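Chemist: Can you look at this prediction? I've put the sequence above it.
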Amino acid sequence: MINFGDYTALIRSLDNKSLELLGIALVLYYISTLIYALRWKIVLAGMGENIPVLDLLKVTLSSIFVNNITPMSRGGGEILRVTWVSKKHKIPLTLSTVSIVYERIMEIIPVMFLLLLAITYFATHLLSIAAIFVIFILLIWLKWEDLIKISTKLLKIRLTPEELIKMSALKKKPSLNILAISLSSMAWTLEIARLKLIALAFGWNPSIGFLAIISLANLVFGLMAFTPGGLGIVEGGLFGTLTYFGIPSTLAISITLIERFISYVLSTIVGFLVLIISGGIELWKALKSH
């Protein structure tokens, strides 16, 4: 049972050094957002479309707000991204849709590496695990077309035969694939670093393997959530994961609330402000009406 008196005391115990760590964690969150915008720019550029990264950053921040207030993970936000660049930058809906799906596929590899790190927390046969990881990467490359079909089904996106051809053609651009995977990996690395800084702020120094478990738990509960932005489900899942592995409840809830304050509360506020300033509010209202 959570002792809120202990929790309050833990929060009050934060000194200037701890607050500094939390400030850096906040900065890392928005650096990750910038990396996602840069990745999107590179993907679109690989398809022959040149959009300033600042514009894509505005769309990305606004999409986070929409994700956080609409049911199902990334549902409304992805629709906003596709529609925004298609309407405001005159990009064919086909290309903008393909770019989003391609981004998600490129995240599979760093997520699998994250899973590899999480497994190392329990396992000792690292060579065998690494071999499995390499085989998985090769399967992604060899079964690229099948992966596209699976991804579109999971994301509930219907691609036309023309769009499927464009997606398959991206396999022939190794520099694009390497850049997209590298940027995705950087973003996930920053997420682990953010969790590390939050933990350190409360005097806890978890291993990289354990942080990988927490990141995966966040991802899984976020994908499973049917509430806006995973509200309630992600917090419960993260808190439950921490306490399951023996983390004291007061520390677990402190880390959970700070993490969600950064990734949900502040991101929602910032995203809403960017949506208004960037003139996307009318577009969002139009999407809501449909």
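Modeler: Perfect, I can see it now. Being a predicted model, the structure only gives us computed values, none of them experimental.
Chemist: use CA for all of it now, contacts and neighbours both
Modeler: OK.
Chemist: and Lys172, how many neighbours?
Modeler: Number of residues near Lys172 (other Cα atoms under 10 Å) recorded here: 9.
Chemist: ok, and for stretch 22-30, which residues are buried?
Modeler: Buried residues in stretch 22-30, defined by neighbour count with 16 or more other Cα atoms under 10 Å: 22, 25-26, 28-30.
Chemist: before we move on, what about stretch 266-283?
Modeler: Buried-residue list, stretch 266-283, by 16+ other Cα under 10 Å: 267-269, 271-272, 274-275, 280-281, 283.
Chemist: Stretch 239-250 now?
Modeler: Taking 16+ other Cα under 10 Å as the basis for neighbour counts, the residues of stretch 239-250 that come out buried are 239-243, 249-250.
Chemist: closest to Ser254 among the buried residues of stretch 22-30?
Modeler: Leu22 (12.1 Å; Cα to Cα).
Chemist: I figured the closest one hits Ala201, correct?
Modeler: Yes. Using Cα atoms under 8 Å, Leu22 and Ala201 qualify as a contacting pair, with a distance of 6.6 Å.
Chemist: re earlier: of the buried residues of stretch 239-250, which belong to strands?
Modeler: Assignment to strands by DSSP state E places none of the buried residues of stretch 239-250 there.
Chemist: Sort these by pLDDT and name the bottom one.
Modeler: By predicted confidence (pLDDT), the lowest-ranked of the buried residues of stretch 239-250 is Thr250, with 86.
Chemist: Look up how far Val234 lies from that one.
Modeler: According to Cα to Cα, to the nearest Å, Thr250 stands 17 Å off from Val234.
Chemist: repeat for Tyr244
Modeler: 15 Å.
Chemist: just Glu20 next, same as before
Modeler: On the measure of Cα to Cα, Glu20 and Val234 end up 25 Å apart.
Chemist: can you check Ala217 too?
Modeler: Computed as Cα to Cα, the Ala217 to Val234 distance reads 8 Å.
Chemist: next one: Leu251
Modeler: Look at Leu251 and Val234: by Cα to Cα, they are 17 Å apart.
Chemist: if we can go back for a sec, so which of the buried residues of stretch 22-30 would you say is closest to Arg39?
Modeler: Distances from the buried residues of stretch 22-30 to Arg39 were compared by Cα to Cα; the smallest belongs to Tyr30, at 14.1 Å.
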